[in-house]
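Student: Need a 3D model of the sequence below.
(one chain, ligands or ions: 1)
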Amino acid sequence: MNAIDDLTDFTVTRALAALRSGEIACTELVRACLERIERLEPRLHTFITLTPELALQQAAAADRQYIQARKGGASIPPLLGIPIAIKDLLALAGVRCTCGSRILDNFVPPYSATAVQRLLDAGVVVLGKTNVDEFAMGSSTENSAYGVTRNPWNLAHVPGGSSGGSAAAVAARMTLAALGTDTGGSVRQPASFCGVTGLKPTYGRVSRFGLVAYGSSLDTVGVFARTAQDVALLFAHMAGFDSRDATSVDMPLPPLHLNSETNLKGIRIGVPQEYFIKGIQPEVENAVKAAIAHLEGLGAEVRQINLPHTEYALPVYYLIAPAEASANLARYDGVRFGPRVEAENVLDLFCETRGKLFGAEVKRRIMLGTYALSAGYYDAYYGQAQKVRTLIKRDFEKAFELVDVIAAPVAPSTAFKIGEHTDDPLAMYLEDVFTLPANLAGVPGLAFPVGFDHQGLPVGMQLMGAPFGEEMLLRLAHVYQQTTAWHLQKPTEMD
Ligand code: GLN
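Tutor: Below is the predicted model of the structure:
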């Protein structure tokens, strides 16, 4: 390992300490990330747009601030100089935001998403915008119009999706952390496939302002890093009320106490029977059960619970999400945003632009959603789905009367091969069975590595919490990571 790899191996926590003490300069850290990106990007393809000039400029400014602070004791922003990457579905002012789609190929947002702006205010440095399934519709990052991202643990496999670029970049040590979005699993599933830690917050906890809408009642902004402690650090600076998002919740974030205490006495972990079903890869089941036993060994009480409506989550999600998407995506007509395909009249211009510039999966979702919302079918599909959504939410409410946290697999399998599910949309949708319920119920979920399969691919476990219970999830994962070493493993295939 050379010096550059040493630096890119730093956690956010370690890097902050090193920057504050003057052990390293931010410019060195950012250069190390950029060099690693340059070296690995041709094989992994994790970014759509790189912003090296911006990153180096921010790094130089951070170094000046650190020098000033060391001289005069001036206060410094809490995340000053930490390099991050941003999923290309979140706006960063002045940098193009494609959402993985040709229809936004040249779209440059004039403002930054609130979550992004808050992190910028806290001092982060931006390395670039990461690859994503078109409009976040997918579970493999294969639906991007900008090429496929590869899994750093095995280049023949997908990194998961739709935030696959962010997860792969964190796993490959190209960045210390990254932002993602999770509408049905898009932070947790790629975190699991790439062996990193990823948080999907409670709906309403992090502002959606500046996040390009997919399923507005399900969309959340989340974060990836290599430890729960790092995730907590970033999350604390993204979360909070924002008047520009009508669904943002005005509730103070409790201080995230991730101390070194590893005794879990008094914490009740629920294990839902419905998440250990036939068809799940045995190595996934075994690794998750071993992780639960590990937490039990530290004093937690483990109980079997039931979430009886789990099996309806998939059909309910694949009605509600496409229905919302069909409305949200109506705005891409070649007039207001992005490129257009010229035509004789305005109707042809809409049709040609949408027909040529949307990809196949996006068109499928728009058609599914439009059908579910159409007169005559609305009650039977969309209306019914909303009712069952309430039942799924109630399952969680009842469960959290009995337990503090729910432990389950993230996905039924480890990362599948590139191309394995591309001809079978239903097989791709089935990858989401264990992640969709948390979005339908609006509860937080955290994924982190708990083992490997026989191919050396990471296995993730998911903890789900009561609304606004992120702290509990992060605390448990932190305890787990202090007493195990799975999260310290790193991929070497692409080096
Ligand atoms: N795979 C799911 C879908 O395609 C979830 C995606 C997401 O969370 N953005 O809709």
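Student: isn't residue 177 right next to residue 224, touching?
Tutor: Yes: Residue 177 is within contact range of residue 224, at 6.3 Å (criterion: CB atoms under 8 Å). Any C-beta I mention is one placed from the backbone N, CA and C, and that applies to glycine too.
Student: Residue of the stretch 301-450 of the chain closest to the ligand, please.
Tutor: Relative to the ligand, the nearest point of the stretch 301-450 of the chain is residue 432 (4.7 Å; CB to the nearest ligand atom).
Student: residues in contact with that residue?
Tutor: Contacts for residue 432 (CB atoms under 8 Å, 6 or more residues apart in numbering) come out as 139, 184-185, 189, 314, 317, 411.
Student: Is it possible to get JSON lines of those that adds pLDDT, distance to residue 243 and secondary structure?
Tutor: As requested, the contacts of residue 432 are exported to JSON lines (pLDDT from 0 to 100; distance: CB to CB, whole Å; DSSP: H, G, I helix; E, B strand; the rest coil):
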{"residue": "139", "pLDDT": "97", "distance to residue 243": "33", "secondary structure": "coil"}
{"residue": "184", "pLDDT": "98", "distance to residue 243": "27", "secondary structure": "coil"}
{"residue": "185", "pLDDT": "98", "distance to residue 243": "29", "secondary structure": "coil"}
{"residue": "189", "pLDDT": "98", "distance to residue 243": "32", "secondary structure": "helix"}
{"residue": "314", "pLDDT": "97", "distance to residue 243": "35", "secondary structure": "helix"}
{"residue": "317", "pLDDT": "98", "distance to residue 243": "29", "secondary structure": "helix"}
{"residue": "411", "pLDDT": "97", "distance to residue 243": "36", "secondary structure": "coil"}
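Student: Could you single out the nearest of those residues to residue 64?
Tutor: For the contacts of residue 432, the minimum distance to residue 64 (CB to CB) is 40.0 Å, reached by residue 189.
Student: From what I see, the closest one and residue 409 are in contact.
Tutor: No: between residue 189 and residue 409 no contact is recorded; they are 10.4 Å apart, counting by CB under 8 Å.
Student: just to revisit the earlier point, my reading is that the residue of the stretch 301-450 of the chain closest to the ligand lies in a helix. Confirm?
Tutor: No: secondary structure assignment (DSSP: H, G, I helix; E, B strand; the rest coil) places residue 432 in coil, not in a helix.
Student: tell me the pLDDT at it?
Tutor: Model confidence at residue 432, given as pLDDT, is 94.
Student: Residue 286 in helix, strand or coil?
Tutor: helix.
Student: need the contact list for it.
Tutor: With CB under 8 Å, 6+ apart, residue 286 has these contacts: residue 451.
Student: so what's the backbone phi/psi at residue 441?
Tutor: Dihedral angles of residue 441 (phi, psi; degrees, to the nearest 10) stand at phi -90, psi -10.
Student: Residue 189 and residue 409: who's more crowded?
Tutor: Regarding residue 189 and residue 409, a neighbour count based on other CB atoms under 10 Å identifies residue 189 as having more, with 32 against 26.
Student: any idea how far that one lies from the ligand?
Tutor: For residue 189, the distance to the ligand (CB to the nearest ligand atom, to the nearest Å) stands at 7 Å.
Student: check which helix or strand covers the nearest residue to residue 217 once chain neighbours are set aside.
Tutor: In space, not counting the residues next to it along the chain, residue 217 is nearest to residue 324; the distance is 6.3 Å by CB to CB, 6 or more residues apart in numbering. Taking DSSP states H and E as the definition, one finds residue 324 inside helix 313-328.
Student: can you check residue 355 too?
Tutor: helix 346-357.
Student: Beyond that helix, next helix or strand please.
Tutor: Next along from helix 346-357, by DSSP H and E: helix 360-373.
Student: what's the angle from that following helix to helix 346-357?
Tutor: Relative orientation of helix 360-373 and helix 346-357, computed by axes from the mean of the first three to the mean of the last three CA atoms, to 10 degrees: 130 degrees.
Student: Let me see the contact set for the residue lying farthest from the centre of the chain.
Tutor: In the chain, counting by CA atoms, centre = their mean, residue 344 sits farthest out from the average C-alpha position, at 41.7 Å. Residues near residue 344 by CB under 8 Å, 6+ apart: none.
Student: For it, report the pLDDT, please.
Tutor: On pLDDT, residue 344 comes in at 95.
Student: Name the SS class of it, please.
Tutor: Under three-state DSSP, residue 344 comes out as coil.
Student: May I have the phi/psi pair for it?
Tutor: phi -60, psi -40.
Student: For it, give its distance to residue 352.
Tutor: 10 Å (CB to CB, to the nearest Å).
Student: next one: residue 145
Tutor: Distance from residue 145 to residue 352, by CB to CB: 17 Å.
Student: okay, these two: which has more neighbours?
Tutor: Higher neighbour count among residue 145 and residue 352: residue 145, with 21 against 16, using other CB under 10 Å.
Student: Excluding sequence neighbours, find me the nearest residue to the residue nearest in space to the middle of the chain.
Tutor: Nearest residue to the geometric centre of the chain (CA atoms, centre = their mean): residue 187, 2.3 Å. Using CB to CB, 6+ apart and skipping the chain neighbours, the partner closest in space to residue 187 is residue 222 (3.7 Å).
Student: Assign a three-state SS to the one you found, would you?
Tutor: strand.
Student: What's the local residue count around it?
Tutor: So residue 222, with other CB under 10 Å, has 31 neighbours.
Student: Please list the residues of this structure that sit near the ligand.
Tutor: Selection of the chain residues close to the ligand by CB under 6 Å from any ligand atom yields 136-139, 162, 181-186, 214, 321, 432.
Student: Farthest pair within those residues?
Tutor: Farthest pair in the residues of the chain next to the ligand, by CB to CB: 181 and 432, 14.2 Å.
Student: got the contact list for the residue of the stretch 1-150 of the chain at minimum distance from the ligand?
Tutor: Of all residues in the stretch 1-150 of the chain, residue 136 sits closest to the ligand, at 3.5 Å by CB to the nearest ligand atom. Contact partners of residue 136, counting by CB under 8 Å, 6+ apart, are 89, 99-100, 162-163, 181, 183, 186, 214.
Student: Just flag the most distant two among those residues.
Tutor: Checking the contacts of residue 136 with CB to CB, the most distant pair is 100 and 183, at 13.7 Å.
Student: can you list residues touching both of these two?
Tutor: Common neighbours of residue 100 and residue 183 (CB under 8 Å, 6+ apart) are 136, 162.
Student: about what we covered before: can you check the pLDDT for the residue nearest to residue 187?
Tutor: For residue 222, pLDDT reads 98.
Student: show me the contacts for it.
Tutor: Counted by CB under 8 Å, 6+ apart, residue 222 has contacts 163, 179-182, 187, 198-201, 206.
Student: Quick check: of those, which lies closest to the ligand?
Tutor: Within the contacts of residue 222, the smallest distance to the ligand is 5.0 Å, found for residue 182 (CB to the nearest ligand atom).
Student: OK, contacts around the residue nearest to the closest one when sequence neighbours are not counted?
Tutor: Leaving aside its sequence neighbours, residue 182 sits nearest to residue 200 (CB to CB, 6+ apart; 3.8 Å). Contact analysis of residue 200 by CB under 8 Å, 6+ apart lists 182, 185, 187-188, 220, 222, 438-439, 444-446.
Student: Who wins on neighbours among those?
Tutor: Of the contacts of residue 200, with other CB under 10 Å as the count, residue 188 tops at 36 neighbours.
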